[in-house]
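Model the structure of this input:
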Amino acid sequence: MGVINIQTKMKNIIILFKSFFLLRPRFLSTIFFIPILYGIGWALSKPLLLLNFEEDNLPLIGTIITFLLFIFLLPYWFYIRRNISSAWVILGISKDKFLKNFFNFSQGILFALVLIILILVPLLQRNYISWIGEFSPSILLNSILLGLGVGFAEEIIFRGWLLEELKFEYGTKISIAIQAIVFSFVHNFSNELFWNMIGLRLGFILLGIFLSLVRIRDQGSLWNCIGIHGGLVGIWFFINNGLIEFKENTPSFLAGPFTLNTPNPIGSFSAILILLFLCIFYAIKSKKIFSRPFN
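Numbering: from 1, shown residues only. Prediction:
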């Protein structure tokens, strides 16, 4: 009887998910998919308090559970909604062509390094940065894990799932704009200065557009985007935790708005100009590709 009850419950859960995936209008399930998963992840993390886990760590654990649920359900999402059985191929992270994928990923990290150097140049010229040069293996490991985790997770969600889902409904151009706006506004910023907030939102929108155009140029592959995104996060974290220190008089429009004495370079004037140029350049370069499918 117990086995039968479990099977019945599993069938009911499957029916529930199918009903949710096929909600009408279709954009409703797209809007609520991640928030519902986050709620489930948060609920599943709560029992850890009984095992003496620190409450401050629960949001991170809940986020990890949410992402694992997201990864598990993605193939079913595309199969039920679009009758597509090759979800990972359409998302651009196929395990085939390992060397090419590794090259694209490495190219993305190198690109991120160059972008960060270009942002730091005007700050170095005006002596707004002090060199500390302290190296820590633990900081390096944290930087790698942070870069890989954030780069992989956010690219799968925004330039993978969300962009592909929007493409089915609105086409490539509109989808690129929508996912970039969503990408910008899901990031919480504590800085209350109006122009700093505008700079950060604009910087993230341009980054979202740029990464989408990179994916188009790479014929749907997501590995370059993961390298760029992860490289920006990981490298910036590494250099700001022992290698350099920003002086108190550093203007936020050059370094990016500050949070806990660390600026976010995406909101800097240099980053916005560079990303705007890259978006225009890649849009022109990818003009012929807009009329073709990614995969």
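
Domain ranges for this structure, per the record?
Structurally, the chain divides into domains by automatic domain parsing as follows: 1-85, 95-291.

which one of the ones you listed has the lowest average pLDDT?
Averaged per stretch, pLDDT over those is lowest on domain 1-85, reaching a mean of 81.

Deepest-packed of the domains of the chain, please.
Ranked by mean neighbour count, the domains of the chain are led by domain 95-291 with a mean of 18 (mean count of other Cβ atoms under 10 Å). To be clear about C-beta, it is placed using only N, CA and C from the backbone, and glycine gets the same treatment.

Give me the distance between that domain and the centre of its chain.
Computed by Cα atoms, centre = their mean, to the nearest Å, the chain-centroid distance of domain 95-291 equals 9 Å.

got it, and stretch 77-84?
Taking the mean of its C-alpha atoms, stretch 77-84 sits 23 Å from the chain's own mean (Cα atoms, centre = their mean).

And what about the spatially most central residue of the chain, helix, strand or coil?
To find the centre residue of the chain, average its C-alpha atoms and take the closest one (Cα atoms, centre = their mean): that gives Glu154, at 2.2 Å. Secondary structure for Glu154, judged by DSSP: H, G, I helix; E, B strand; the rest coil, is helix.

Tell me which residues touch it, please.
By Cβ atoms under 8 Å, 6 or more residues apart in numbering, Glu154 lies in contact with 183, 229.

now do 10 Å
Neighbour list for Glu154: 67, 160, 183, 186-187, 208, 211, 225-226, 229-230, 233 [criterion: Cβ atoms under 10 Å, 6 or more residues apart in numbering].

for Phe135, same thing?
Applying Cβ under 10 Å, 6+ apart, one finds that Phe135 lies in contact with 238, 242-243.

Could you tell me which of the residues you listed belong to helices?
Assigned to helices by DSSP state H, the following of the contacts of Phe135 qualify: Phe238.

ok so, going back, between the contacts of Glu154, which is nearest Leu120?
Compare each of these with Leu120 using Cβ to Cβ and the shortest gap goes to Val233, at 15.8 Å.

State the distance from that closest one to Asn264.
In this view, Val233 and Asn264 are 11 Å apart by Cβ to Cβ, to the nearest Å.

Where does Leu207 sit: helix, strand or coil?
Taken by three-state DSSP, the conformation at Leu207 corresponds to helix.

Just list the residues touching it, thanks.
By Cβ under 10 Å, 6+ apart, the residues touching Leu207 are 115, 180, 183-184, 228-229, 232, 266, 271-272, 275, 278-279.

go again using 6 Å as the cut-off
In this structure, Leu207 makes contact with 266, 275, judged by Cβ atoms under 6 Å, 6 or more residues apart in numbering.

Could you do the one 4 residues further on as well?
Leu211 makes contact with 159, 225 under the criterion Cβ under 6 Å, 6+ apart.

that's a strand at it, yeah?
No: applying three-state DSSP, one finds Leu211 to be helix, outside a strand.

Return the distance of it relative to Ser85.
Leu211 sits 26 Å away from Ser85 when distances are taken as Cβ to Cβ.
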